[in-house]
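Q: Here's a sequence, model it:
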Amino acid sequence: MEAARQAAGEAIGVFYDHRQNAEHAADLHRSHRLREEIASLMQHAEALGRAASGADEHDRSAAEAKPEE
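A: Alright, predicted model coming up:
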């Protein structure tokens, strides 16, 4: 889309405003929706990573607390 904007000589604010650029409005909406989905997936991945890290730490602490036989 950036190549199309540059070829058209449009200002960034005008080209990426779906209200002013009906020709690319569907692409702009799709791009925005995909960015939101990526952000949501990244937050989910970070939460899973924190949970896994916490579980690993808990497992290590439990193993260290066991008396040796």
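Q: quick one, what contacts the most centrally placed residue in the chain?
A: Nearest residue to the geometric centre of the chain (Cα atoms, centre = their mean): residue 39, 2.4 Å. Under the criterion of Cβ atoms under 8 Å, 6 or more residues apart in numbering, residue 39 has no neighbours. From N, CA and C alone the C-beta is placed, and that goes for glycine too.
Q: For it, what is the enclosing helix or strand?
A: helix 25-65 (DSSP states H and E).
Q: Same question for residue 20.
A: Applying DSSP H and E, one finds residue 20 in no helix or strand.
Q: May I ask you to confirm that it is in contact with residue 14?
A: Yes. Between residue 20 and residue 14 there is a contact at 5.2 Å, judged by Cβ atoms under 8 Å.
Q: Please report the distance of the residue nearest to the centre of the chain from residue 57.
A: 27 Å (Cβ to Cβ, to the nearest Å).
Q: try residue 21
A: 50 Å.
Q: Ok, residue 3 next?
A: The value you get for residue 3 to residue 57, if Cβ to Cβ is used, is 48 Å.
Q: Comparing these two, which shows the higher neighbour count?
A: Neighbours were counted for residue 3 and for residue 57 using other Cβ atoms under 10 Å; residue 57 has more, 10 against 7.
Q: Contacts only, for the more buried one.
A: Residue 57 neighbours (Cβ under 8 Å, 6+ apart): none.
Q: In terms of pLDDT, where does it sit?
A: Per-residue confidence at residue 57 stands at 71 (pLDDT).
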